[in-house]
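*Asks:* here is my input, please return the structure:
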Amino acid sequence: MGSTPSSQEAEPLLGARTLLIVDDNPVERDVYRQYLLRLGKGQFSFLEAEDASDALRICETLHVDCMLLDFELPDVDGFDLMDQLRNMNGEIVPPVIMVTGRGSESLAVQAMRRGAMDYIVKADVAPASLWRTVVSAIDRAESRQRLVQERRAREEVEQSLRQSDERARLLVDGVRDYALMLLDPDGRVQCWNHGARQLLGYPAAQIIGQPIRQIFAPEDGVAGVCDRELRAAAHGQSCTMARWYVKKGGERFWGQGSMTAVLDDYNALRGYALILHDGSEKKQHDACERRAEMSCDPCPPVEAFSVVTCVTALLEPLLQALQAQGMPVTLQLEAAPMTVATNKLLLEQSVRALLAVVVAQASARPLTVRVRRLGQQAEVSVQDRGPGWSADQQLAFFTSPPEGAWAAPGLSKVPQLATLRRDLEAMGGTLWVHSVLGQGSTFCLRLPLMARGDPG
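*Replies:* Prediction:
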């Protein structure tokens, strides 16, 4: 009875979520599958069950990330199946979305009280709403599980630190699923586990004794984010960390975790415990949800296109105008295929904005515009050899444009960088600046690549 992934679905991507659809009506199962494929093709693989017994057998033998459960089944109702899942696992695993043909408020309340993640009525199901409901349920279940695991790991490390430094180091290195770091009171790395090596790329010998701020994104370093969080943790505040971090070699990733102070028996500060994991996949899910919402509206449109083709077409007339003004510009295009699914106008406005800010400072100094592929991201950067910007000036880029930024031909009336960064992050990307006084500046944006295909 459908205990294997549907043959109608495209081959799932690495990291695809497995959805179990439990419904005795094959037509409705196919509708749900097609709805989800329409907005999230490649993000889901599908299993199907016609009744509760079949669903239980699948859950016992295969990993399932979410269950779309029809309330009325041939053998038992949805509540009975949820009770059996709880008895089997100690909790309702996988997370359940209850589906019913009756729009009963009391039934919805009862479903949520019995442990369902969400409740939908068949008559109200549409592609975008179903996609959002499934993604949200998976994200909430995974976030809850991560919080439990992080809390347990942190409590074990803190307890071990109070007893023995050597025991703490053995414990930290034994944690494989998380990047777990012990810092001294000044925020320098004292212990760096296997998970940290895997996630951030630094061998222990290269990072021990170094300030932890070097894994923070340059814009957060300028803003003093790391120092603020160390101070907050030292004063007993719980610091939940969800932001961009930088691996060895410069690749950025979206990390999530927490930092807490470690005190001795006399409440003196011994250091900090930092737990971090790669939240890029969740960030991608959030971005996909945002794209799904945007694709339901006529504006702004989302489309798949080649970054190289788009940037080349945009820059050719602009670069000619800049060179005519005596500003030499070098364009470096990597040959690797780079296809993104985003709003094309957003990318064009972002590139124009980066050029506008750099042109305002670089005067007749050479510029380099570079398009390259970094892992699963496309990067567009604009670099100058001007005098650089101070930390305060770099922060001001994301509040108001610098004076003279719109002096170059074709670069007028672009949105502020703060607005562009917000919109890029909604698409799973980011935008930042790195500048050193006397050494020039680099403005950079990144967008996630499509996992399949390359129309350009």
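*Asks:* so where do the helices sit in the stretch 101-250 of the chain?
*Replies:* 105-113, 127-163, 165-174, 194-200, 204-207, 218-223, 225-234 (DSSP state H, counting those that start in this stretch).
*Asks:* and the last one, what's buried?
*Replies:* Yep, that's helix 225-234 we're talking about. Buried positions in helix 225-234, judged by neighbour count with 16 or more other Cβ atoms under 10 Å: Val225, Cys226, Glu229, Leu230, Ala233, Ala234. C-betas here are computed from N, CA, C, even on glycine.
*Asks:* could you dump these into JSON lines and include pLDDT and distance to Val308?
*Replies:* Listed next are those as JSON lines, based on pLDDT from 0 to 100; distance: Cβ to Cβ, whole Å:
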{"residue": "Val225", "pLDDT": "85", "distance to Val308": "33"}
{"residue": "Cys226", "pLDDT": "89", "distance to Val308": "35"}
{"residue": "Glu229", "pLDDT": "89", "distance to Val308": "38"}
{"residue": "Leu230", "pLDDT": "91", "distance to Val308": "41"}
{"residue": "Ala233", "pLDDT": "88", "distance to Val308": "43"}
{"residue": "Ala234", "pLDDT": "88", "distance to Val308": "47"}
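*Asks:* okay if I get these as CSV plus distance to Ala52?
*Replies:* CSV is the format used below for the buried residues of helix 225-234 (distance: Cβ to Cβ, whole Å):
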residue, distance to Ala52
Val225, 49
Cys226, 51
Glu229, 48
Leu230, 52
Ala233, 47
Ala234, 52
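*Asks:* from those residues, which is closest to Gln210?
*Replies:* Nearest to Gln210 among the buried residues of helix 225-234: Cys226, at 12.2 Å, using Cβ to Cβ.
*Asks:* next, the contact list for that closest one, please.
*Replies:* Gly187, Pro211, Ile212, Arg213, Phe216, Asp220 (Cβ atoms under 8 Å, 6 or more residues apart in numbering).
*Asks:* out of the helices of the stretch 101-250 of the chain, nearest to Gly428?
*Replies:* Per Cβ to Cβ, nearest to Gly428 of these: helix 127-163, 13.3 Å.
*Asks:* hey, where'd the strands end up in the stretch 251-400 of the chain?
*Replies:* All strands of the stretch 251-400 of the chain, identified by DSSP state E, counting those that start in this stretch, fall at 252-263, 269-278, 303-306, 329-333, 339-342, 367-374, 377-384.
*Asks:* the nearest residue to Leu200 once chain neighbours are set aside: what's it in contact with?
*Replies:* Excluding the flanking residues, the one nearest Leu200 by Cβ to Cβ, 6 or more residues apart in numbering is Lys247, at 5.2 Å. By Cβ under 8 Å, 6+ apart, the contact set of Lys247 is Leu199, Leu200, Gly201, Ile215, Phe253.
*Asks:* adding distance to Gln149 and pLDDT, write those residues out as CSV.
*Replies:* CSV is the format used below for these (distance: Cβ to Cβ, whole Å; pLDDT from 0 to 100):
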residue, distance to Gln149, pLDDT
Leu199, 15, 90
Leu200, 19, 93
Gly201, 23, 92
Ile215, 21, 93
Phe253, 19, 84
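*Asks:* so which of the residues you listed wins on neighbours?
*Replies:* The most crowded member of the contacts of Lys247, judged by other Cβ atoms under 10 Å, is Ile215 (26 neighbours).
*Asks:* my read: that one touches Arg243, true?
*Replies:* No. With contact defined as Cβ atoms under 8 Å, Ile215 does not reach Arg243; the gap is 10.7 Å.
*Asks:* which among the buried residues of helix 225-234 gets closest to Trp389?
*Replies:* Nearest to Trp389 among these is Val225, at 18.0 Å by Cβ to Cβ.
*Asks:* burial count for the closest residue to the closest one other than its chain neighbours?
*Replies:* Spatial nearest neighbour of Val225, chain neighbours left out: Phe216 (6.2 Å); criterion: Cβ to Cβ, 6+ apart. By other Cβ under 10 Å, 23 other residues sit near Phe216.
*Asks:* for Phe216, what are its contacts?
*Replies:* Phe216 makes contacts with Val225, Cys226, Arg243, Tyr245, Val246, as judged by Cβ under 8 Å, 6+ apart.
*Asks:* closest one of the residues you listed to Phe71?
*Replies:* Arg243 (40.7 Å).
*Asks:* ok, the residue lying closest to the closest one once chain neighbours are set aside - contacts?
*Replies:* Spatially, and ignoring its direct neighbours in sequence, Arg243 is nearest to Asp220 (6.3 Å; Cβ to Cβ, 6+ apart). Taking Cβ under 8 Å, 6+ apart, we find Asp220 in contact with Cys226, Arg243, Trp244.
*Asks:* let's go with 10 Å and repeat that
*Replies:* Neighbouring residues of Asp220 by Cβ atoms under 10 Å, 6 or more residues apart in numbering: Arg213, Cys226, Arg228, Glu229, Arg243, Trp244, Tyr245, Val246, Trp432.
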